[in-house]
Every structure is written in C-alpha cells, then in structure tokens.
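>>> Build me a model from this:
(one chain, ligands or ions: 2)
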Amino acid sequence: MLERIKDSFTHSIQTKIDASEALPESIEKAAQMMVQCLLAGNKILACGNGGSAGDAQHFSAELLNRFEVERPPLPAIALTTDTSTITAIANDYSYDEIFSKQILALGQSGDILLAISTSGHSGNVIKAIEAALSRDMTIVALTGKDGGPMAGLLSINDVEIRVPSNSTARIQEVHLLAIHCLCDNIDRTLFPQDEQ
Ligand SMILES: O=C(CO)[C@@H](O)[C@H](O)[C@H](O)[C@H](O)COP(=O)(O)O
Ligand SMILES: [Zn+2]
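Ligands and ions are numbered 1, 2, ... in the order given. Okay, the predicted model is just below:
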C-alpha cells in the first residue's frame, strides 16, 4: 500500500508537469473571458458531478467570498447545491436536466458557464452547455481524456481546458489547480496589488 500511495503522488506530480506545458494558454484565455464577463456586470455559473460538483462549489466559494487578496465579493453560482431544485427536476423530468433547467432560468447573455467533467460524457453537463449556448452565454470547459462529446459543442468563443490524462482522479487534481489559477488571474487583473 505504501508503494501505491507513493505512485499516486508520482502520477499526480507528473500529470501536473504535463499540464504545466499544455494548459497555461487556455487557462489564461479562460481567465480573460471571466474578467471581461465580471467587468460587464455578468456572472459565472458552474456545474459538474461528484468530485466535479465539489469543484464547481469550490470555484463559486472563492469568487463569492475571496481567494488570496482582499476584494469585494464576485458573482458566481454553483448549480449543484439546491437539493430541492435538483431532486424536483430529476424526479419530474430527468437527471440530465438538473443543470440545464437552472441555466434556462438564471443564465443571461454574457454570463459564463464553467462546465466540469473529466470524461466530457456527463449528460447533464452536455445539456447544461447546450442550454448556456441557447442563452448566448460562453463556456469554459474543464475536461480530460479525449474531451468527449462536450469538446465538440464548443466554438472559438469558448475555451476548453483539457487535462492530458486518462485517470479521473489525476484529472480532478489538475482541475482544482486550474481553478486556483483562474481565481488568481481574476484577482490580480481586477485588483492589482502593490506586492505580487
Ligand atoms: O470524484 C470522483 C472520482 O474521483 C467521482 O465522484 C466522479 O466525479 C463521478 O463518478 C462523476 O460522475 C464523474 O463524472 P465525469 O467527470 O465523467 O463528468
Ligand atoms: Zn474524486
């Protein structure tokens, strides 16, 4: 078991090294999109399943509260937290619609959807992207593996941050790092500090 634990650390570190080569441009583009969105008075909605639901909430908490610098609250909503809404939609319609119906209600032109899926195959995240595009929103997609059907829904206006790995756990570990990079870029752009 000790060897397995050490292997997990080694694989996680290697995936982050690979990602440090592959992802900075797409993370920077996503951060710039988010900055423009927030400057225009728009908001960021976030969704995902399982560990990625936690990531969606982690992101919205950093924006609504703060990341590393003192600054005003920024508008973000995780679509994963309202169990009454989620159970009603899943019960009356389908699990695939738990995010899309919230987006059709809350999403406005200029808002961003942070869509998180390690496989790119989650039906409810795919429907969320379709709903967001129908509301004239743009998409920041955190994916992995081959990007799945999610990748095919995106246009030049959107950005995919695809972790170069086939392991769900390793992809999630890089997704969290990418989320912290996005928060750091947003803070440093909107609220420049004397000492960086
Ligand atoms: O955290 C983990 C696995 O590490 C799980 O909860 C995982 O997020 C769930 O199986 C998700 O349903 C996987 O969905 P996705 O990443 O393929 O969209
Ligand atoms: Zn996990």
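
>>> So the helix or strand containing Thr87, near ligand 1 or not?
Using DSSP states H and E, Thr87 sits in helix 83-92. No. Judged by CB under 6 Å from any ligand atom, helix 83-92 makes no contact with ligand 1; its nearest approach is 13.9 Å. C-beta: built from backbone N, CA, C; applies to glycine.

>>> Contact partners for the residue most central in space within the chain?
Nearest to the geometric centre of the chain sits Leu114, at 3.7 Å (CA atoms, centre = their mean). Applying CB atoms under 8 Å, 6 or more residues apart in numbering to Leu114 gives the contacts 44-47, 56, 59, 140, 142.

>>> do that again at 7 Å, thanks
44, 46, 56, 59, 140 (CB atoms under 7 Å, 6 or more residues apart in numbering).

>>> ok, what's across the strand from the first one?
This points to Ile44. In this entry, Ile44 is beta-bridged to Ala76, Ile112, by DSSP bridges.

>>> mind checking the end-to-end distance for stretch 81-101?
This stretch, stretch 81-101, spans 14 Å end to end (CA to CA, to the nearest Å).

>>> Tell me how far that stretch lies from the chain's centre.
Mean-position distance between stretch 81-101 and its chain equals 19 Å (CA atoms, centre = their mean, to the nearest Å).

>>> Give me the contacts around that stretch.
So stretch 81-101 is contacted by 47, 57, 79, 102, 123-125, 127-128, 130-131 (CB under 7 Å, 6+ apart).

>>> pull the CA atoms of the lengthiest helix in the chain into PDB?
In the chain, taking DSSP state H as the definition, the longest helix is helix 168-190. Coordinates of each C-alpha in helix 168-190 appear next as PDB, following Å, rounded to 0.1, in the frame of the first residue of the first chain:
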ATOM      1  CA  THR A 168     -10.400  10.600 -13.400                       C
ATOM      2  CA  ALA A 169      -8.600  11.200 -10.100                       C
ATOM      3  CA  ARG A 170      -5.500  12.700 -11.700                       C
ATOM      4  CA  ILE A 171      -7.600  14.900 -14.000                       C
ATOM      5  CA  GLN A 172      -9.600  16.200 -11.000                       C
ATOM      6  CA  GLU A 173      -6.400  17.100  -9.100                       C
ATOM      7  CA  VAL A 174      -5.400  19.300 -12.000                       C
ATOM      8  CA  HIS A 175      -8.900  20.800 -12.400                       C
ATOM      9  CA  LEU A 176      -8.500  22.100  -8.800                       C
ATOM     10  CA  LEU A 177      -5.200  23.700  -9.700                       C
ATOM     11  CA  ALA A 178      -6.600  25.200 -12.900                       C
ATOM     12  CA  ILE A 179      -9.500  26.700 -10.800                       C
ATOM     13  CA  HIS A 180      -7.000  28.300  -8.400                       C
ATOM     14  CA  CYS A 181      -5.100  29.700 -11.400                       C
ATOM     15  CA  LEU A 182      -8.300  31.200 -12.700                       C
ATOM     16  CA  CYS A 183      -9.100  32.700  -9.300                       C
ATOM     17  CA  ASP A 184      -5.500  34.100  -9.100                       C
ATOM     18  CA  ASN A 185      -5.700  35.600 -12.600                       C
ATOM     19  CA  ILE A 186      -9.100  37.200 -11.900                       C
ATOM     20  CA  ASP A 187      -7.900  38.700  -8.600                       C
ATOM     21  CA  ARG A 188      -4.600  40.000 -10.000                       C
ATOM     22  CA  THR A 189      -6.200  41.500 -13.100                       C
ATOM     23  CA  LEU A 190      -9.200  43.100 -11.400                       C
END
